[in-house]
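1. below: sequence and its predicted model.
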Amino acid sequence: MLQQKMTNFRWTICVLLFFATTINYLDRQVLSLTWDEFIKPEFHWDESHYGTIASTFMFVYAVGMLFAGRFIDWLGTKKGYLWAIGIWSAGACLHALCGIVTEKWVGMSSAAELAAATGSVVVVLATVSMYSFLVARCILALGEAGNFPAAIKVTAEYFPKKDRAFATSIFNAGASIGALIAPVSIPLLAKYWGWEMSFIIIGALGFIWMGFWVFMYSSPQQSRFVNKHELAYIEQDNTELPPETDEETVEKKMSFWQCFTYRQTWSFAIGKFLTDGVWWFFLFWTPSYLNTQFSIKTTDPLGMGLIFTLYAITMLSLYGGKLPTIFINRSGLDPYAARMKAMLIFAFFPLLVLLAQPLGTISPWFPVVFIGIGCAAHQSWSANIFTTVSDMFPKTAIASITGIGGMAGAAGSMIVQKGAGNLFVYADIIEMEFMGFTGKPAGYFIIFCICSVSYLVGWCIMKALVPRYKVIELD
């Protein structure tokens, strides 16, 4: 009798997580790729309007992350993920109604009439449209807050510790793929079908994904697609538990407030707070940066090529998730030590962003390449910092801790988005000078400097809080 081969359904689940994250990032990028060229002229926005919308999104996302993890731990992975993607897909589609709401409020009947408005009515329609987008953006943020807590929890369910960073880097690459697809699809949808349809079409993808999730996901112990050999591989870490640890102890719940009593929680949260804003800044502001500094629009072939190249470089992050596994296999390092070693390496690459503005005077390709390397380093860092949670916390607390860290990251991002928007307007008004640049380019250079050193600062604080690997066991 032939021995049954091990199934590999865990990688199918990883692919599902990848597509969910891809859709997640497509939905949040529609606004950044349409506001400067299509929405801004129609509603008479400036950078402060967009900065307010972006920072409010991050605030709601932060609050949502705090409770999304707890919600998913309580409701269960399958139902929790369905609720999350259903809410964010509905929120994405609702953006398309913002123009209609604004037209009705100010008593106009077309986008052309809005764009041609002058005088005091401009302030009214800019304000009304901004708040309309804020409502849709808040719904999107509440749903999207559930993506990473759910995905990290699923990864902990389906992968042993040694494979989790690699699996996380694969599904986390969905962020890069979403960002890669977005510039070659969304501006064209907006150009030929209207910016409203770009929100509806991209938003509808989430509802399609929900059908696959309902059919394919269940816990590995209950899945009809996982045989006993794969289940044994998935559960191999259980042999590391002390003999007196029984199933009842493993399944004990960690209270919400108890989560904050561990240094590991604060290490993860601070690492996210200091670095997430870098990724979000480049995600939200790069199209506007190219238009501001180089007069390159997202619908121009060059604009699409530049943004596509940026996120193509980001795909190098797939190796970032594999690096700790190599360290573990070759040197026998524990998971935390291997991840921190890898994260230190990744923390040096964003320093290249310091060269973006100086060399941008030669060609726009230089800042795009350096920003792309910085984004690749961020995604590699992100895959590993997420996995430090599943390395040290029990499975019943993973989504909650991930949510707390996600909240901290979103809070840091909110500060960056609002600060950047106000800085660019202020720098333009007073013609600010910084390192040889004047106006908005000077403002961008200041933000680039902050982004470049955030990872090294974050790593040092994390290492000081949790110097060595320590698994948390509930009494």
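-> Structure received.
2. which residues touch Asp163?
-> If a contact means Cβ atoms under 8 Å, 6 or more residues apart in numbering, then Asp163 has Thr325 as its contacts. In this view, the C-beta of every residue, glycine as well, is placed from N, C-alpha and C.
3. one more: Val214?
-> Going by Cβ under 8 Å, 6+ apart, Val214 touches Lys78, Leu82.
4. okay, now the nearest residue to Leu354 once chain neighbours are set aside: neighbour count?
-> Spatial nearest neighbour of Leu354, excluding adjacent residues (Cβ to Cβ, 6 or more residues apart in numbering): Ser452 at 4.9 Å. Look at Ser452: counted by other Cβ atoms under 10 Å, it has 21 neighbours.
5. please apply the same query to Ser390.
-> 25.
6. shouldn't it be within a helix?
-> Yes: membership of Ser390 in a helix is supported by DSSP: H, G, I helix; E, B strand; the rest coil.
7. verify the stated contact: it with Ala165.
-> No: in terms of Cβ atoms under 8 Å, Ser390 does not count as a neighbour of Ala165; the distance is 9.3 Å.
8. which helices and strands does the strand or helix carrying Leu456 pack with?
-> Leu456 belongs to helix 440-465 when assigned by DSSP states H and E. Helix 440-465 makes packing contacts with helix 263-294, helix 335-348, helix 356-360, helix 365-392, helix 398-430, strand 433-434 when contacts are defined by 3 or more Cβ pairs under 8 Å, 6 or more residues apart in numbering; DSSP states H and E.
9. distance to Thr21 added to those, as JSON lines?
-> Shown next, in JSON lines, are the helices and strands packed on helix 440-465 (distance: least, Cβ to Cβ, whole Å):
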{"stretch": "helix 263-294", "distance to Thr21": "13"}
{"stretch": "helix 335-348", "distance to Thr21": "19"}
{"stretch": "helix 356-360", "distance to Thr21": "26"}
{"stretch": "helix 365-392", "distance to Thr21": "11"}
{"stretch": "helix 398-430", "distance to Thr21": "13"}
{"stretch": "strand 433-434", "distance to Thr21": "35"}
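10. which positions within stretch 459-475 qualify as buried?
-> Neighbour counts using 16 or more other Cβ atoms under 10 Å place Trp459, Ile461, Met462, Leu465, Val466, Tyr469, Ile472 of stretch 459-475 among the buried residues.
11. switch the helices and strands packed on helix 440-465 over to CSV; also include mean pLDDT.
-> CSV is the format used below for the helices and strands packed on helix 440-465 (pLDDT from 0 to 100):
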stretch, mean pLDDT
helix 263-294, 91
helix 335-348, 91
helix 356-360, 93
helix 365-392, 89
helix 398-430, 87
strand 433-434, 92
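12. point out the most buried one among these.
-> With neighbours defined as mean count of other Cβ atoms under 10 Å, these peak in mean count at helix 365-392, which reaches a mean of 25.
13. what distance separates that one from the middle of the whole chain?
-> Computed by Cα atoms, centre = their mean, to the nearest Å, the chain-centroid distance of helix 365-392 equals 11 Å.
14. circling back: on the pLDDT front, check the residue nearest to Leu354 for me.
-> Predicted confidence (pLDDT) at Ser452: the value is 95.
15. cool, and Gly99?
-> Gly99 is assigned 90 on the pLDDT scale.
16. where's it, which helix or strand?
-> Applying DSSP H and E as the criterion places Gly99 in helix 98-106.
17. same question, Ala179
-> Assigned by DSSP H and E, Ala179 falls within helix 161-193.
18. pull out the buried positions in the helix or strand just after that helix.
-> Counting by DSSP H and E, the element after helix 161-193 in chain order, helix or strand, is helix 195-216. For helix 195-216, the neighbour count (16+ other Cβ under 10 Å) marks 195-196, 198-203, 205-206, 209-210, 213 as buried.
19. buried set for the next helix or strand along the chain from helix 195-216?
-> For helix 195-216, the following helix or strand on the C-terminal side (DSSP H and E) is helix 228-234. Residues of helix 228-234 classed as buried: Glu230, Leu231, Tyr233, Ile234 (neighbour count, 16+ other Cβ under 10 Å).
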